[in-house]
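Chemist: Here's my sequence, what's the structure:
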Amino acid sequence: MPSPQALAEYSQLVVTGRITGVIPGRDVGGLRTVTFVVRVDDEVTEAAKPAVVHVEMDIPFNLPANEVARHVPRDMQVAYFLVEAPTADEIPIVDERAGRPPGMPLYIPVSPQGFWIGEPGRVLQPLEHGQAFPDSDIQDVLPPSKRFPLEKVSPGDGGTTD
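Modeler: Below you'll find the model as predicted:
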């Protein structure tokens with residue numbers, strides 16, 4: 001797993017915040033996406049801190065946004081390492097402007113390691129390891145981090161290193 005510092009170097013924006021909404025996203029190469037609306041609590045890059053960011057995520061089984069929203073707790077705490085989402089000039093996109101209000105930028109996680117969920121007493125890394133790291137806080141995943149990266153993670157070990 002790359003360090004938070006390394007992820008930040010590849011990112012245009014690094015934020016923590018809370019998911020306040022899920023809206024229909026773009027059709028990217030035949031796959032529907034959803035956009036998570038994130039109210040920004042903290043921002044660690046040099047850019048001006050936005051109040052809200054719109055983050056595009058692929059969703060398994062092409063579930064509609066309202067179905068995804070039913071399973072995402074309102075105000076779920078997240079950390080994102082972000083880059084701007086590709087445009088229709090770069091990849092096939094049917095509805096380029098979907099997923100955010102006009103004029104707002106759209107972001108995607110820089111890699112699977114660029115998306116974290118914070119819960120009381122632990123953080124989850126759902127895309128890379130699919131597991132929880134106990135005794136952690138969402139701030140632990142931001143650079144400079146003393147807790148991450150993990151050199152090697154064994155499945156089911158709760159985030160301890162070998």
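Chemist: quick one: the helices in the chain?
Modeler: Along the chain, counting by DSSP state H, helices occupy 4-10, 65-71.
Chemist: As JSON lines, those helices with mean neighbour count, distance to Pro102 and mean pLDDT would be great.
Modeler: Just so you know, the C-beta spots here come from the backbone N, C-alpha and C atoms, and that holds for glycine as well. Shown next, in JSON lines, are these (neighbours: other C-beta atoms under 10 Å; distance: least, C-beta to C-beta, whole Å; pLDDT from 0 to 100):
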{"stretch": "helix 4-10", "mean neighbour count": "17", "distance to Pro102": "28", "mean pLDDT": "89"}
{"stretch": "helix 65-71", "mean neighbour count": "13", "distance to Pro102": "18", "mean pLDDT": "91"}
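Chemist: And those helices: which comes nearest Ile108?
Modeler: With C-beta to C-beta as the measure, helix 4-10 is the member of the helices of the chain nearest Ile108 (12.2 Å).
Chemist: List the contacts of the residue nearest to Gln12 when sequence neighbours are not counted.
Modeler: Of all residues not flanking Gln12 in the chain, Val83 sits nearest, at 5.1 Å (C-beta to C-beta, 6 or more residues apart in numbering). Contact analysis of Val83 by C-beta atoms under 8 Å, 6 or more residues apart in numbering lists Tyr10, Ser11, Gln12, Leu13, Tyr107, Ile108, Val110.
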